[in-house]
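Enquirer: Provided below are the primary sequence and the corresponding predicted coordinates.
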Amino acid sequence: MLLTPKFITFEGGEGVGKSTQTAHLAKFLQQKGISVLTTREPGGSPEAEKIRNLLVSGEVGLWNPKTEVHLHYAARIQHVANFLMPSLESGKWVISDRFSDSTLAYQGFGYQLDILKLKQLETFSIGSFKPDFTILLDLPVSVGLVRTRGRQKHEDRYERMGVDFHERVRNGFLEIAKLNQNRMVVIDAAQSEIAVSEQVLGKVCEKFQLDKI
């Protein structure tokens, strides 16, 4: 059976395990004969990766929050146009570690910028392009930040932001999920890696009517 290509995203705060679960899901889909590509944001295309380097490194207060928003959307425009849309149009499924929900959560709720204006910027930047399915991995902020210790220090700018900021981000993600229940599911990331993966695979199979075996 030929399946319509799908765009799946993982979202969540720092240390929730998005990259790990992206790899598990990609392997599972590939074993089912589905052609899959993985990507990330910010980044995902050569031009967007250059912008990523500006965002994830340096001092916490390096950018004005509004400047930061525009950098994220500049990277996203390139990512969508040069990687995501061509990949989906070629018949491949795509799994991304973060997408536009992260901008609403981090810049909207975290920095407390105007959510409506961010949504308008999203529409202006990428139109109606959205994920087919989003998995939000939820974890207490204190646990997630402990998990991030030992990561590459040149990409830890967001991790170094205050706990209050990260609490607002977490609450923002949960609010976004509540408003988008037809597209998003929330999974407790405090479970073991295997338990989380089992739930992720189950939700994906349920959403797209795939056999889990």
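Expert: Sure thing, it's come through.
Enquirer: Every contact and neighbour count from this point should use C-alpha atoms.
Expert: Fine.
Enquirer: contacting residues around stretch 155-174?
Expert: 12-14, 53, 55-60, 101-102, 104-106, 109-111, 136, 138, 141-142, 145, 148, 186 (C-alpha atoms under 8 Å, 6 or more residues apart in numbering).
Enquirer: lowest confidence element among the helices and strands of this structure?
Expert: Scoring the helices and strands of the chain by mean pLDDT, DSSP states H and E places helix 141-147 at the bottom, with a mean of 90.
Enquirer: in this protein, which spans are strands?
Expert: Ranges of strands in the chain, per DSSP state E, are 7-11, 36-40, 93-97, 133-138, 184-188.
Enquirer: circling back to that earlier point, can you tell me which of the contacts of stretch 155-174 are buried?
Expert: Buried subset of the contacts of stretch 155-174 (neighbour count, 16 or more other C-alpha atoms under 10 Å): 12-14, 55-56, 58, 101-102, 104-106, 109-111, 136, 138, 141, 145, 148, 186.
Enquirer: pLDDT weak spots in this structure?
Expert: Scanning the chain for pLDDT under 70 picks out 1-2, 150-154.
Enquirer: ok, back up a step: between the strands of the chain, which one is closest to residue 195.
Expert: strand 184-188 (9.5 Å; C-alpha to C-alpha).
Enquirer: which other helices and strands contact that closest one?
Expert: strand 133-138, helix 163-179, helix 193-208 (3 or more C-alpha pairs under 8 Å, 6 or more residues apart in numbering; DSSP states H and E).
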